[in-house]
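A.B. asks: sequence first, predicted model second:
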Amino acid sequence: MAQHSFYRNREPIAATLALRPRQAAASIGVSIKTLERLTKSNEIMSVLVGRVRLYELKALEDFLKSRRVGQEVTA
C-alpha cells in the first residue's frame, strides 16, 4: 500500500492567499525591480517566510486602491 505524503500531493490549492515576487509584479503591472523599490519604501507590504518573500493579495489590492486617480462614481 502506497503511503500518502502531504508534500507529494500535487492537487491544486483552492484559494491563493499570497504571490511570489514575479507573480505579484505581473499582477499589478510593474517590473520586479519596481516591486522591490515599493517594498523597501513600505508602499507595498510583504511577508517573509523563511527565505521566501510573499505578497498577500489584500496588500496588492490596497496598494492599487491607494493609487487610484479620478473621482469615484456613486449610484
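C.D. replies: Received it, and whenever you're ready, just let me know what you need.

A.B. asks: drop to CA atoms for contacts and neighbour counts, all remaining ones
C.D. replies: Will do.

A.B. asks: any weak-confidence spans in this protein?
C.D. replies: Filtered on pLDDT under 70, the chain yields the residue ranges 1-14, 72-75.

A.B. asks: in it, which spans are helices?
C.D. replies: With helices called from DSSP state H, the chain shows them at 21-28, 32-40, 57-66.

A.B. asks: quick check: longest strand of the chain.
C.D. replies: Ranked by residue count, the top strand of the chain under DSSP state E comes out as strand 52-56.

A.B. asks: from Gln71, how far out is the nearest residue to Leu38 once chain neighbours are set aside?
C.D. replies: The shortest distance from Leu38 to any non-neighbouring residue, by Cα to Cα, 6 or more residues apart in numbering, is to Ile44 (5.7 Å). Distance from Ile44 to Gln71, counting by Cα to Cα, to the nearest Å: 23 Å.

A.B. asks: which one of those two has more residues nearby?
C.D. replies: Neighbours were counted for Ile44 and for Gln71 using other Cα atoms under 10 Å; Ile44 has more, 19 against 6.

A.B. asks: ok, the more buried one - contacts?
C.D. replies: 35, 38, 59-60, 63 (Cα atoms under 8 Å, 6 or more residues apart in numbering).

A.B. asks: go on, Arg20?
C.D. replies: Contacts of Arg20 (Cα under 8 Å, 6+ apart): 52-55.

A.B. asks: ok, 10 Å please
C.D. replies: 46, 52-56 (Cα atoms under 10 Å, 6 or more residues apart in numbering).

A.B. asks: which among those gets closest to Ile28?
C.D. replies: Ranked by distance to Ile28 (Cα to Cα), the contacts of Arg20 are led by Tyr55 at 11.3 Å.
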